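Student: this one's sequence-less:
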Ligand SMILES: Cc1cc2nc3c(=O)[nH]c(=O)nc-3n(C[C@H](O)[C@H](O)[C@H](O)COP(=O)(O)OP(=O)(O)OC[C@H]3O[C@@H](n4cnc5c(N)ncnc54)[C@H](O)[C@@H]3O)c2cc1C
């Protein structure tokens, strides 16, 4: 236990990596510990693509997006790897949803293109909407998630972040307000502060620190469907789509597997992240079956040229809070233990600014944002 790190980060998904990069750019001595190889496909950050957009229905997320977008484009330039595909995003839903999306855009000085149902059907023949209109954001697109993870790892290594892969954090021992010890299966390390970006494992890591967050790990089925006419759904002429029709369905255009389009249900069933591939108990399987039927029904309703039979299925995990919003805060008892959790299926795109927020908390820098809506205190304390 010779070295004293400024910050030890536990968990190298997109948020741990972004935080490590941010702190190393601030000349801090950083150790990043990850239980699996980087990248891996057991958590939340793997897969080919993630939607990136300014058109958030909530203003606090829109605010995070300005700088985050710039940081992703800078990483693309620095890494020499194409990380962003500018296919646009079409939001479809009721007036309340679309008004929120438009005002999120306006708060950033951007204007969405309002489209009636018949205009949508004419502009995108691969889609069919009757009841709902839409707002199209042409600045939006897709981040190539796996490539982003590799680019972040590479950048962190170049900035002298010490990365320990395949090393599991077993215990976090708070010593005092400026010292924490981290014990892994392979050694003991010390730092002035610790950041926990453990994704769906967050409550396992927090348990010995007597904290339980209202964060549920949900198994998400990532499903690709065969297009009858692939030309209609190519990323050059078809956008990502978010449909807010009682439930939330989203799709990304054909980009990853030839002829196949990703269309998913934005929720899942609760699981233990260490048992992700285990057969679900009967009651959870019933929930999963109902969600599946909802997804297939939505595909038949909105995507007339997609065969409603799954062609490829992959798995991923959401970490969901009761209000579907992030937790960015300090441990209530140990202020030099910082938590970034509960990204609720929409955290990837904001990761550069999340890294900045978590990093600034750890080194005592002033906060660039008002963080009330991300604080732990918004939950009833009996939940914690
Ligand atoms: C199917 C799917 C689609 C999504 N779509 C979008 C989208 O379109 N747009 C968007 O913005 N977001 C999207 N998201 C959400 C986004 O991907 C997540 O919010 C983000 O990846 C969460 O990253 P993380 O770093 O918090 O978690 P993770 O990626 O899970 O990383 C946590 C890491 O901590 C490690 N760890 C845990 N415990 C320990 C331990 N004890 N010791 C060492 N290491 C440990 C884990 O192994 C893991 O690598 C999607 C997520 C999924 C699953």
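Tutor: Cool, the structure landed. Fair warning: this is a prediction, and the values are worked out from it, not measured in the lab.

Student: Count the residues that sit near the closest residue to the ligand within the stretch 1-150 of the chain.
Tutor: Relative to the ligand, the nearest point of the stretch 1-150 of the chain is residue 13 (2.1 Å; C-beta to the nearest ligand atom). For every residue, glycine as well, the C-beta is placed using N, CA and C. Residue 13 has 29 neighbouring residues, counting by other C-beta atoms under 10 Å.

Student: which residues touch it?
Tutor: When the contact criterion is C-beta atoms under 8 Å, 6 or more residues apart in numbering, the partners of residue 13 are 43, 44, 45, 149, 197, 199.

Student: Now it. Its backbone dihedrals?
Tutor: Backbone torsions for residue 13, taken as degrees, to the nearest 10, come to phi -80, psi -160.

Student: residues from the stretch 251-384 of the chain in reach of the ligand?
Tutor: Within the stretch 251-384 of the chain, the positions adjacent to the ligand are 316, 317, 318, 343, 345, 346, 347, 348, 349 by C-beta under 6 Å from any ligand atom.

Student: now with 5 Å?
Tutor: Contact residues (C-beta under 5 Å from any ligand atom) of the stretch 251-384 of the chain with the ligand: 316, 343, 345, 346, 347, 348, 349.

Student: For those, give me CSV that also has pLDDT.
Tutor: Formatted as CSV, these follow (pLDDT from 0 to 100):
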residue, pLDDT
316, 97
343, 98
345, 97
346, 96
347, 97
348, 98
349, 98
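
Student: Please narrow those residues to those residing in helices.
Tutor: Using DSSP state H, no member of these sits in helices.

Student: quick one: buried residues of stretch 310-318?
Tutor: Buried residues in stretch 310-318, counted by 16 or more other C-beta atoms under 10 Å: 310, 315, 316, 317, 318.

Student: Quick one: mean pLDDT over stretch 236-256.
Tutor: In this model, stretch 236-256 has a mean pLDDT of 95.

Student: picking that back up, filter the contacts of residue 13 down to the ones near the ligand?
Tutor: Among the contacts of residue 13, the ones lying near the ligand by C-beta under 5 Å from any ligand atom are 43, 44, 45, 197, 199.

Student: okay, now the closest residue to the ligand within the stretch 101-250 of the chain: neighbour count?
Tutor: Residue nearest to the ligand within the stretch 101-250 of the chain (C-beta to the nearest ligand atom): residue 199, separated by 2.3 Å. By other C-beta under 10 Å, 28 other residues sit near residue 199.

Student: Would you quantify the distance from it to residue 217?
Tutor: Distance from residue 199 to residue 217, counting by C-beta to C-beta, to the nearest Å: 8 Å.

Student: list the residues that contact both of these two?
Tutor: With contacts taken as C-beta under 8 Å, 6+ apart, residue 199 and residue 217 have 273, 317, 319 as neighbours in common.

Student: neighbours around residue 371, how many?
Tutor: By the measure other C-beta under 10 Å, the count of residues near residue 371 is 14.

Student: host element of the closest residue to it other than its chain neighbours?
Tutor: Among residues not flanking residue 371 along the chain, residue 328 sits closest, at 5.9 Å (C-beta to C-beta, 6 or more residues apart in numbering). Using DSSP states H and E, residue 328 falls within strand 327-330.

Student: That strand: what's the following helix or strand?
Tutor: Heading C-terminal from strand 327-330, the first helix or strand you meet, by DSSP H and E, is strand 337-341.

Student: Report all helices and strands that that next one contacts.
Tutor: Contacts defined by 3 or more C-beta pairs under 8 Å, 6 or more residues apart in numbering; DSSP states H and E place strand 337-341 against strand 188-196, helix 202-206, strand 327-330, helix 351-363.

Student: Show the average pLDDT along the shortest one.
Tutor: Per-region confidence: strand 327-330 scores 98 on mean pLDDT.

Student: Contact partners for residue 303?
Tutor: The contact partners of residue 303, by C-beta under 8 Å, 6+ apart, come to 126, 127, 128, 225, 251, 261, 263.

Student: Since PyMOL is what I'm using, could you give me a select command covering these, but only where they're buried?
Tutor: The PyMOL command for the buried members of those (criterion: 16+ other C-beta under 10 Å) is given here:
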select buried, resi 126+127+225+251+261+263
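
Student: what's the closest of the contacts of residue 303 to residue 111?
Tutor: Ranked by distance to residue 111 (C-beta to C-beta), the contacts of residue 303 are led by residue 127 at 21.7 Å.

Student: number of nearby residues for residue 51?
Tutor: As a burial measure, residue 51 scores 20 neighbours (other C-beta under 10 Å).

Student: Number of residues surrounding residue 16?
Tutor: Other residues within reach of residue 16, judged by other C-beta under 10 Å, total 29.

Student: so it makes contact with residue 32?
Tutor: Yes. Using C-beta atoms under 8 Å, residue 16 is in contact with residue 32, at 5.9 Å.
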